[in-house]
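Novice: my questions are about this predicted structure, shown below with the sequence.
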Amino acid sequence: MKKKIFSTMVLTIFTAVLYADAPAWFIPLRDAVYEQRLASNQVLPIYSRAKSEAEAIGSDLERLIMFSRIESLMGQVYLREGRNTEAASYFERAESFAQSANRLQQTSETLYVLSESIALLMDVKGFAFQVANGMRFMNSINRSISLDPANYEAKYLLAASSIFADPPFRNLRRGQSRLEEILENHNEQMSEDVRFNVYYAMGVVNQKQRNPADARIWFERALSLYPSNKDVQNRLGEL
C-alpha cells in the first residue's frame, strides 16, 4: 500500500476488541489489500460481498463504522494503482459514513475511522487539502486516543502521520517512539494487519535513518505476515 504524507496502510474494524476476532466475511477483503496479489477489478467482487454482509449488521453505529472501513480498503487498492480519482471517491464515502457514525455517537472508534478517511484523502487531494484538513485530522485522532488509550490502531495512525509526512512535518524520532510504545504495551493484542503496519513503519524509520541492517529485520518481519506484499519487497530491494 502506497505511503505518503499521512497514508498509513491502515486496515480497520469495529472496535479494538472485535478487531482481534474480525468477522470471517471481512478478512478476504482485508487480506486482499495487504497481500497485493489482485488487481482492483478482482478485488471489487470481494468488496461487494463485504458490503452485502455489512448491511446485515443490526447496530446502526457498527454498520456505519464497517461501511467506512470497507470503503477505505477498496480505495487503497485504487490508490496503489495510481488511480487517485477512483480512490478519492471511496475515501470520500468512507468519510461520509464516519461522519454519520460520529453524529450518532462519538467514540474512539468512530473518531478513528474519521481520522483514517481524512488521512487517506490527504494522500490523493494534494497540499491544499492537507493544509486545510491537517488540524482536523490531528484533533480527531488525538480525541480518539484520549477516549480509549488502548486503541492501538489510532496510536499507529498517529505514529504514521509523523513517519510518512513530507518535510517539514516529518518527525522520525517521534514516530518511532510512538511505534515502540505500541510494541511495548499492545504487542499481544495487535491483529495481523496492524502488526504488519507497525513492522513496516519501523522498517521505514530505520531506512530513513540509514540503518539498513535494522530496517531489513523489520521489513522481513512484515513480509513474514504478508509475503506477497510488494511495498515491503520493494523496500527490501532498496537496502
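Specialist: Happy to help now that I have it. Residues are numbered from 1 along each chain as shown.
Novice: contacts only, for the residue lying closest to Asn229 once chain neighbours are set aside.
Specialist: Leaving aside its sequence neighbours, Asn229 sits nearest to Gln36 (Cβ to Cβ, 6 or more residues apart in numbering; 5.4 Å). Heads up, the C-betas are built off the backbone N, CA and C, glycines and all. With contacts defined as Cβ atoms under 8 Å, 6 or more residues apart in numbering, Gln36 is in contact with Met1, Arg80, Tyr226, Ser228, Asn229, Lys230, Asp231.
Novice: same question, Glu92
Specialist: Glu92 makes contacts with Ser117, Leu121, as judged by Cβ under 8 Å, 6+ apart.
Novice: just the strands in the protein please.
Specialist: Using DSSP state E, no strands are found in the chain.
Novice: could you identify the buried members of the contacts of Gln36?
Specialist: Using 16 or more other Cβ atoms under 10 Å as the burial test, the contacts of Gln36 include Met1, Arg80, Tyr226, Asn229, Asp231 as buried.
Novice: which single one of those residues is nearest to Phe137?
Specialist: Among the buried ones among the contacts of Gln36, Met1 lies closest to Phe137 (Cβ to Cβ), at 18.0 Å.
Novice: now for the chain, the helix or strand with the poorest mean pLDDT.
Specialist: helix 16-19 (a mean of 38; mean pLDDT, DSSP states H and E).
Novice: lowest-confidence entry in the buried ones among the contacts of Gln36?
Specialist: Least confident of the buried ones among the contacts of Gln36 in the model: Met1, at 44.
Novice: low-confidence ranges, this structure, go.
Specialist: 1-21 (pLDDT under 70).
Novice: how about 80 then?
Specialist: In the predicted model, the chain carries pLDDT under 80 at residues 1-22, 166-169.
Novice: hmm, what's the outermost residue in it?
Specialist: Ala213 (25.8 Å; Cα atoms, centre = their mean).
Novice: that one and Gln106, how far apart?
Specialist: According to Cβ to Cβ, to the nearest Å, Ala213 and Gln106 sit 44 Å apart.
Novice: what's the closest non-adjacent residue to Glu71?
Specialist: Ala94 (3.8 Å).
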